[in-house]
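Enquirer: below is the sequence, then the predicted model.
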There are 4 protein chains.
Amino acid sequence: MAQSDTVTRILDTAEVLFAERGFAETSLRNITSKARVNLAAVNYHFGSKKALIQAVFSRYLDPFTLRFHTALDELEAQHDGQVIPLETLLETMATTVLAVPAERNSLKVFMRLLGLAYSQAQGHLRRHIQQEYGDVFTRFTELVRQATPELPDAERFWRLHFMLGTVIFTLSGLDALRDIAEKDYHEQVSVRDLIRRLRPVVVAAMNAPLPPTLEEGHHANAKVS
Amino acid sequence: MAQSDTVTRILDTAEVLFAERGFAETSLRNITSKARVNLAAVNYHFGSKKALIQAVFSRYLDPFTLRFHTALDELEAQHDGQVIPLETLLETMATTVLAVPAERNSLKVFMRLLGLAYSQAQGHLRRHIQQEYGDVFTRFTELVRQATPELPDAERFWRLHFMLGTVIFTLSGLDALRDIAEKDYHEQVSVRDLIRRLRPVVVAAMNAPLPPTLEEGHHANAKVS
Amino acid sequence: MAQSDTVTRILDTAEVLFAERGFAETSLRNITSKARVNLAAVNYHFGSKKALIQAVFSRYLDPFTLRFHTALDELEAQHDGQVIPLETLLETMATTVLAVPAERNSLKVFMRLLGLAYSQAQGHLRRHIQQEYGDVFTRFTELVRQATPELPDAERFWRLHFMLGTVIFTLSGLDALRDIAEKDYHEQVSVRDLIRRLRPVVVAAMNAPLPPTLEEGHHANAKVS
Amino acid sequence: MAQSDTVTRILDTAEVLFAERGFAETSLRNITSKARVNLAAVNYHFGSKKALIQAVFSRYLDPFTLRFHTALDELEAQHDGQVIPLETLLETMATTVLAVPAERNSLKVFMRLLGLAYSQAQGHLRRHIQQEYGDVFTRFTELVRQATPELPDAERFWRLHFMLGTVIFTLSGLDALRDIAEKDYHEQVSVRDLIRRLRPVVVAAMNAPLPPTLEEGHHANAKVS
DNA sequence: TATGAATGAGTATTCATTCAT
DNA sequence: GATGAATGAATACTCATTCAT
């Protein structure tokens, strides 16, 4: 158990420090000294810093993938071949996202990590995530496609990413925003509260009217790369 | 020209490398060697790496602030005390954002930098931006407030940040997304094209129905920190 | 032995180089390259250059403090509550000072280091010495007080420091002075020889007549800051 | 006059900073920025940092040498071939030392600088001082020799340096000692006050009985290098 | 005469990783 | 299975000095 304990303490400490400072700004010394673990333990147990970063993500994403597949299985069984409404799909995803960290650490940390995964120069991480967890997202987007037949494929693709940006940006920068919100509007904002606010916005965004096509749109008058 | 040249080359190189790899992952050696400039030149001209980072932002944000203030002045003059419609405000902002980098480097870099500013552990940078450029955003949000009187203040605050997330996330991760989009949908996506797609989404999101209040909403059944 | 060896070699080399050139003029590169040790070893074993400087002193002062306390214990036991004569106290201190470096390196190095500790801009070092080794000096000065009841406290304070200056200045600049002395007076001067010369001078200085009080002294006629 | 002004400001600033922190710890940047002078000015006007250090000393020592020679001329004229008493010689030296800085900056700075000259690794400085100002000290020690005919030459040499140590150590570390003295003995100590205390001590020290010769002294029983 | 720009060599320190035990 | 010691490479930054103007 001593080994397992060491591994767990490294992961627990690493995820918090990564979320707080980013990957490059968190040294193995930071992690091992805060975790009260030998400096060489990370390389011993994980092999490298990169592998540790991936392990931190796996601890969240593995159970998420499992649960999400199960939830989608149930949804499909319930609807028995019929189209699952968009709102139900989004609802299900939100519920699953919320459920996983509830078992473990905090949702905030998870979201910070997701934000970092996108913004920081960790190509290996993006590749790792894409490779290990791409399937469930492909399945999900296919269901979304069926739920929004009127949307051109490209439009749907972009809108899904618009919304991904909304969610990740907001939840990963939650602390800073929450501070401002509380100071200016004297409001206590919980993650659950934020999800409540997100729902109608996301739905409205997905159902927004289509943009004018390029032909009938305004003429570009400046070159922008 | 000698001084100006060195300073400019440092800034040009730094902004590209920062955008590609992030701040911590870009060393002064990286910058100076790629810019073909002496290693000590950064500290000579800027004082520190932090100051260089801030200078990179200032080169975008200074002209942006200037132009945006001017544009808002014009808008207010045109509407002569009457409320400026939300779409006009968003349109104006988009135009200004597009105009500035067009004079300089690329919009993509600017957006990547903005994304990094939010996600990376650069407290000094967030403070610097807030302090130097907070005014024009305050002015803008006040105009948005007048354009959306039916929205509660807190709701407007969050929706603006939802949309900020959408824009920054999408535009800052543009390259990766564009690759996928082109592969899957055989579509060439320009920034201008993306802005066209963003417009109806943002408007719809801002005008989405209000969420149910907490009292009448679903009961929370899981604790999420 | 590996660890002990590296640490010892760093300390041995550092104390010699510090004594020769001073702290600021001795770089960690100087030390590690001369000690045939990895450049990072100093930071690994000591944490910082400051800590190394303090460690160099501790290696002398720790055994000195121990021995001096023991010697004073013995003196007090011998005199059984009666006042210990000043000359005995000075004799004991001299003997202890001589004994410690005899076990280790050279007295000359120790004295050079002490001189540096006072003259160089190493506030941290003065604080460290004061804090770690202040007790034994307090004990010593208290015994000196009892041995010289006729001296006003302030006068005794200053005279002790006058003598400290004599000893440290002479012994720390020993090499240069010795060169001159040998050239001019064809005399081989050992440290032991110098101590012999110091004894009557120090005793006479401590027992010098009191200066005229300010009131009856010469009137100051020039302002000196 | 602009040039002269620049030179003076550099010298004024340099002597203060050198006295506060030492030579190595004071950079040309420190000096020039505090003096509000161009960074290249030191090298322009003095040629190098070493030359600046020497110039700082010359500004004190040149007038000192002049005055001291004059004072000794007068003394010799007054005593007309007869031996000048030791106390008179010491008195004259003290007066001259006090007089020079009174015209310029502070005595404390001068003494700090003298202390540094001895303790810091500035071989060039010691050589410079010896070479430029050795004569007047040779003249002075010859007069001291005549005033103390009973002292063996070597003994006189050492005692003079003992006293040099007393004076330089005390006056150069004055600030720290003054702080302690004021805290412990509630005494305000001026330099003039300290000189008053030094006088009887130095005289007593110079007149101390001769030490036992080596033959009749205690036998050394430990080798000390 | 004076200075802003530039530079090559240097500083202490930190890094992830390796290795012998 | 685990760890203290060690290391080579890199980090940001500072230095005194030079040089073109």
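Expert: Structure's in. What do you need?
Enquirer: once you drop chain neighbours, what's closest to A:Arg159?
Expert: Leaving aside its sequence neighbours, A:Arg159 sits nearest to A:Met206 (C-beta to C-beta, 6 or more residues apart in numbering or on different chains; 5.6 Å). From N, CA and C alone the C-beta is placed, and that goes for glycine too.
Enquirer: residue contacts, that neighbour?
Expert: Neighbouring residues of A:Met206 by C-beta atoms under 8 Å, 6 or more residues apart in numbering or on different chains: A:Leu86, A:Thr148, A:Leu151, A:Arg159, A:Met163.
Enquirer: now tabulate the residues you listed in TSV and tack on pLDDT, secondary structure and neighbour count.
Expert: As requested, the contacts of A:Met206 are exported to TSV (pLDDT from 0 to 100; DSSP: H, G, I helix; E, B strand; the rest coil; neighbours: other C-beta atoms under 10 Å in any protein chain shown):
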residue	pLDDT	secondary structure	neighbour count
A:Leu86	93	helix	17
A:Thr148	94	coil	19
A:Leu151	93	coil	19
A:Arg159	95	helix	23
A:Met163	94	helix	23
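Enquirer: doesn't A:Thr96 make contact with A:Ala71?
Expert: Yes. Using C-beta atoms under 8 Å, A:Ala71 is in contact with A:Thr96, at 5.5 Å.
Enquirer: the two: which is more packed in?
Expert: A:Thr96 (20 against 16; other C-beta atoms under 10 Å in any protein chain shown).
Enquirer: give me every residue that touches that one.
Expert: A:Thr96 is in contact with A:Phe64, A:Arg67, A:Phe68, A:Ala71, counting by C-beta under 8 Å, 6+ apart.
Enquirer: and those residues, which are buried?
Expert: A:Phe64, A:Arg67, A:Phe68, A:Ala71 (16 or more other C-beta atoms under 10 Å in any protein chain shown).
Enquirer: the helix or strand harbouring the last one vs chain B: in contact?
Expert: Here A:Ala71 sits within helix A:49-79, counting by DSSP states H and E. No. Judged by C-beta under 8 Å from any C-beta of the partner chain, helix A:49-79 and chain B are separated, with a smallest distance of 12.8 Å.
Enquirer: residues of that helix that come out buried?
Expert: Within helix A:49-79, the residues that qualify as buried are A:49, A:52-61, A:63-65, A:67-68, A:71-72, counting by 16+ other C-beta under 10 Å.
Enquirer: can you narrow those residues to ones near DNA strand E?
Expert: Subset of these in contact with DNA strand E: A:Lys49, counting by C-beta under 7 Å from any atom of the strand.
Enquirer: what stretches of chain A score poorly on pLDDT?
Expert: The model of chain A has pLDDT under 70 over residues A:1-3, A:102-105, A:120-121, A:214-225.
Enquirer: interface residues of it facing DNA strand E?
Expert: Chain A comes close to DNA strand E at residues A:26-30, A:39-40, A:42-44, A:48-50, as judged by C-beta under 7 Å from any atom of the strand.
Enquirer: which residue packs closest to the residue in chain A that chain C sits nearest to, ignoring adjacent ones?
Expert: Relative to chain C, the nearest point of chain A is A:Leu39 (10.4 Å; C-beta to the nearest C-beta). In this structure, A:Leu39 finds its nearest non-sequential neighbour in A:Thr32, 4.9 Å apart by C-beta to C-beta, 6+ apart.
Enquirer: how close does the one you found get to A:Glu142?
Expert: Going from A:Thr32 to A:Glu142 by C-beta to C-beta, to the nearest Å gives 43 Å.
Enquirer: the more surrounded of the two?
Expert: For A:Thr32 versus A:Glu142, neighbours defined as other C-beta under 10 Å are more numerous around A:Thr32 (21 against 10).
Enquirer: before we move on, which element is that one in?
Expert: Counting by DSSP H and E, the element that carries A:Thr32 is helix A:28-34.
Enquirer: buried set for that helix?
Expert: Using 16+ other C-beta under 10 Å as the test for burial, helix A:28-34 gives A:Leu28, A:Asn30, A:Ile31, A:Thr32, A:Lys34.
Enquirer: check contacts around A:Leu125.
Expert: Here A:Leu125 is in contact with A:Lys50, A:Ile53, A:Gln54, A:Phe57, A:Ala117 (C-beta under 8 Å, 6+ apart).
Enquirer: between the residues you listed, which sits nearest C:Arg21?
Expert: Top of the list for closeness to C:Arg21, among those and by C-beta to C-beta, is A:Lys50 at 43.7 Å.
Enquirer: skipping its backbone neighbours, what lies nearest the closest one in space?
Expert: Leaving out its chain neighbours, the residue that sits closest to A:Lys50 by C-beta to C-beta, 6+ apart is A:His124, at 5.4 Å.
Enquirer: and the end-to-end length of stretch A:108-128?
Expert: Taking C-alpha to C-alpha, to the nearest Å, stretch A:108-128 runs 22 Å from one end to the other.
Enquirer: close to DNA strand F, is it?
Expert: No. Residues of stretch A:108-128 are not located near DNA strand F by C-beta under 7 Å from any atom of the strand, the shortest gap being 12.7 Å.
Enquirer: show me how far that stretch is from its chain's centre.
Expert: How far stretch A:108-128 lies from its chain's middle: 9 Å, per C-alpha atoms, centre = their mean, to the nearest Å.
Enquirer: can you check stretch A:149-167 too?
Expert: Between the centre of stretch A:149-167 and the centre of its chain there are 16 Å (C-alpha atoms, centre = their mean).
Enquirer: what's in contact with that stretch?
Expert: A:111, A:141, A:144-145, A:148, A:198, A:201-202, A:205-206, A:208, A:210-211, B:162-163, B:165-170, B:173, B:177, B:180-181, B:184-185, B:187, B:194, B:197-198, B:201, B:205.
Enquirer: hmm, back to that, tell me the SS of the residue nearest to A:Lys50?
Expert: helix (DSSP: H, G, I helix; E, B strand; the rest coil).
Enquirer: does it touch A:Ala51 like I think?
Expert: No. Using C-beta under 8 Å, A:His124 makes no contact with A:Ala51, being 9.3 Å away.
Enquirer: which helix or strand lies directly C-terminal to the helix or strand hosting A:Leu90?
Expert: Using DSSP H and E, A:Leu90 sits within helix A:86-103. Using DSSP H and E, the helix or strand that follows helix A:86-103 in sequence is helix A:107-119.
Enquirer: which elements pack onto that following helix?
Expert: The elements that helix A:107-119 packs onto, with contact taken as 3 or more C-beta pairs under 8 Å, 6 or more residues apart in numbering or on different chains; DSSP states H and E, are helix A:2-21, helix A:49-79, helix A:86-103, helix A:123-147, helix A:153-172, helix A:174-185, helix B:107-119.
Enquirer: include distance to D:Arg9 when you put those into a markdown table, please.
Expert: As requested, these are exported to a markdown table (distance: least, C-beta to C-beta, whole Å):
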| stretch | distance to D:Arg9 |
| --- | --- |
| helix A:2-21 | 45 |
| helix A:49-79 | 52 |
| helix A:86-103 | 63 |
| helix A:123-147 | 55 |
| helix A:153-172 | 54 |
| helix A:174-185 | 47 |
| helix B:107-119 | 42 |
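Enquirer: which residue is nearest the middle of chain A?
Expert: Residue closest to the average C-alpha location in chain A (C-alpha atoms, centre = their mean): A:Leu114, at 4.6 Å.
Enquirer: can you list the domain ranges for chain A.
Expert: Chain A breaks down by automatic domain parsing into domains covering A:1-47, A:57-224.
Enquirer: what would those domains look like in CSV with distance to C:His79?
Expert: Shown next, in CSV, are those (distance: least, C-beta to C-beta, whole Å):
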stretch, distance to C:His79
domain A:1-47, 52
domain A:57-224, 68
